[in-house]
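> Give me coordinates for this.
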Amino acid sequence: MTYLVTGASGMLARDLLALLGDEAVGLDRRTLDVTDASAVRAAVAAHRPAFVVNCAAWTAVDDAETREPEALAVNGTAVRHLAAACAESDAALVHVSTDYVFPGDATQPYSEASAPAPRTAYGRTKLAGERAVLALLPERGYVVRTAWLYGAGGRNFVRTMLDLERTRPTVDVVADQIGQPTWTADLARQLLALTRSGAPGGVYHGTSSGQASWYDLAREVFRLAGGRAVV
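Down below sits the predicted model:
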C-alpha cells in the first residue's frame with residue numbers, strides 16, 4: 001500500500017481514491033480522528049504508506065469565524081499530528097491547503113512565493129497547517145494550495161446553484177470576486193502526478209486552468225444544466 005488518504009469521505013479524496021485503486025487505503029472521520037495524535041501515529045505506523053495525502057479539513061469557512069479553535073484543531077493541530085507521524089515513519093505528506101492563506105486583494109494570480117497574509121479565521125487555521133508541514137517535513141512535506149473546489153461527491157458551489165435553480169426564478173451571485181474554479185478530479189490527478197514526479201518538498205499551487213467570477217461560474221452552471229435562472 002503506497003498511499004494513505006485521510007478525509008476519505010470528501011469529494012477530493014473520493015476522486016483520488018478512485019484513481020489509486022488498490023494502491024491506497026482511505027480513512028474517514030469515523031475510522032481516524034485526525035485531532036487525536038495517538039490515533040494518527042498508530043494509523044500511519046500500521047499502514048506504513050510511502051505517502052499520506054491529507055484531505056481531512058474543516059471547510060466551513062464562515063463558521064470558522066465564530067469557532068476558530070475548533071477549525072484550528074482540524075486545519076492546524078491535526079496537520080501537525082500527521083506531519084509528526086510521517087516524520088517518525090519516513091513517509092511523505094501531501095497536505096491540501098487553500099488560497100485563503102492570501103489576503104485576496106491581488107490583481108494578478110498569487111505564486112508559490114507570494115507571502116501569505118490571511119484575513120479570515122479559516123485562512124489562519126489553514127496557514128497553521130502549512131507551517132506545521134514545512135517545519136516538520138522540510139524535505140518530504142508538500143503543501144498544495146487550491147481554490148474554489150467543486151466535485152461530484154460533496155456539497156459545493158456548483159451543487160448549490162443547481163439546487164437553487166430548481167426552486168427560484170432568479171439567483172443573485174457576486175461578480176467582483178475572481179478565482180480558479182477547480183474540478184476535484186483535476187486536482188486529484190495533479191496530486192498523484194506530484195507524488196510520482198520526484199519533485200522536492202515545498203509549496204505548490206494546484207487548480208484547474210482559466211479563471212472566472214462566481215457570477216461567471218453560476219451562469220455556466222445554468223447554461224450547461226439547461227436551466228432558465230438568470231443571475
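> When you work out contacts or count neighbours from here on, use the C-alpha atoms and nothing else.
OK.
> Show the end-to-end separation of stretch 174-182, please.
Stretch 174-182 has an end-to-end distance of 18 Å (criterion: Cα to Cα, to the nearest Å).
> Just the buried residues of that stretch, please?
By 16 or more other Cα atoms under 10 Å, the buried positions in stretch 174-182 come out as 178-182.
> So residue 130 versus residue 202, what's the distance?
For residue 130, the distance to residue 202 - Cα to Cα - is 10 Å.
> So for the two, which sits in the more crowded spot?
Neighbour totals were compared for residue 130 and residue 202, and residue 130 leads with 27 against 18 (other Cα atoms under 10 Å).
> So which elements touch the helix or strand containing the more buried one?
Using DSSP states H and E, the element containing residue 130 is helix 121-136. For helix 121-136, the elements it packs on are helix 68-72, helix 78-89, strand 92-98, strand 141-146, judged by 3 or more Cα pairs under 8 Å, 6 or more residues apart in numbering; DSSP states H and E.
> would you list these in JSON lines and tack on mean neighbour count, distance to residue 126 and mean pLDDT?
Formatted as JSON lines, these follow (neighbours: other Cα atoms under 10 Å; distance: least, Cα to Cα, whole Å; pLDDT from 0 to 100):
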{"stretch": "helix 68-72", "mean neighbour count": "20", "distance to residue 126": "8", "mean pLDDT": "98"}
{"stretch": "helix 78-89", "mean neighbour count": "23", "distance to residue 126": "9", "mean pLDDT": "98"}
{"stretch": "strand 92-98", "mean neighbour count": "25", "distance to residue 126": "6", "mean pLDDT": "98"}
{"stretch": "strand 141-146", "mean neighbour count": "24", "distance to residue 126": "10", "mean pLDDT": "98"}
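> Would you reformat these as TSV and include distance to residue 188?
Converted to TSV, the helices and strands packed on helix 121-136 look like this (distance: least, Cα to Cα, whole Å):
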stretch	distance to residue 188
helix 68-72	24
helix 78-89	19
strand 92-98	10
strand 141-146	11
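> Which one, of the ones you listed, ends up nearest to residue 38?
helix 78-89 (8.5 Å; Cα to Cα).
> got the residue ranges for the helices in this structure?
11-20, 37-47, 68-72, 78-89, 121-136, 157-165, 184-195, 214-225 (DSSP state H).
> Buried ones in the longest one, by neighbour count?
It refers to helix 121-136. Result for helix 121-136 [16+ other Cα under 10 Å]: buried residues 121-130, 132-134, 136.
> shaky segments in the protein?
Residues of the chain meeting the criterion pLDDT under 70: 1, 228-231.
> and with 50 instead?
Scanning the chain for pLDDT under 50 picks out no residues.
> Tell me which residue of it is furthest from the middle?
Here the centre of the chain is the reference, and by Cα atoms, centre = their mean the most remote residue is residue 169, at 32.5 Å.
> quick one on the thing from earlier: please tell me how far the helix holding residue 130 is from the chain's geometric centre.
With Cα atoms, centre = their mean, to the nearest Å as the basis, helix 121-136 stands 13 Å off its chain's centre.
> can you state the direction angle for that helix and helix 78-89?
Here helix 121-136 runs at an angle of 10 degrees relative to helix 78-89 (axes from the mean of the first three to the mean of the last three Cα atoms, to 10 degrees).
> Residue 24 and residue 190, how far apart?
As judged by Cα to Cα, residue 24 and residue 190 stand 16 Å apart.
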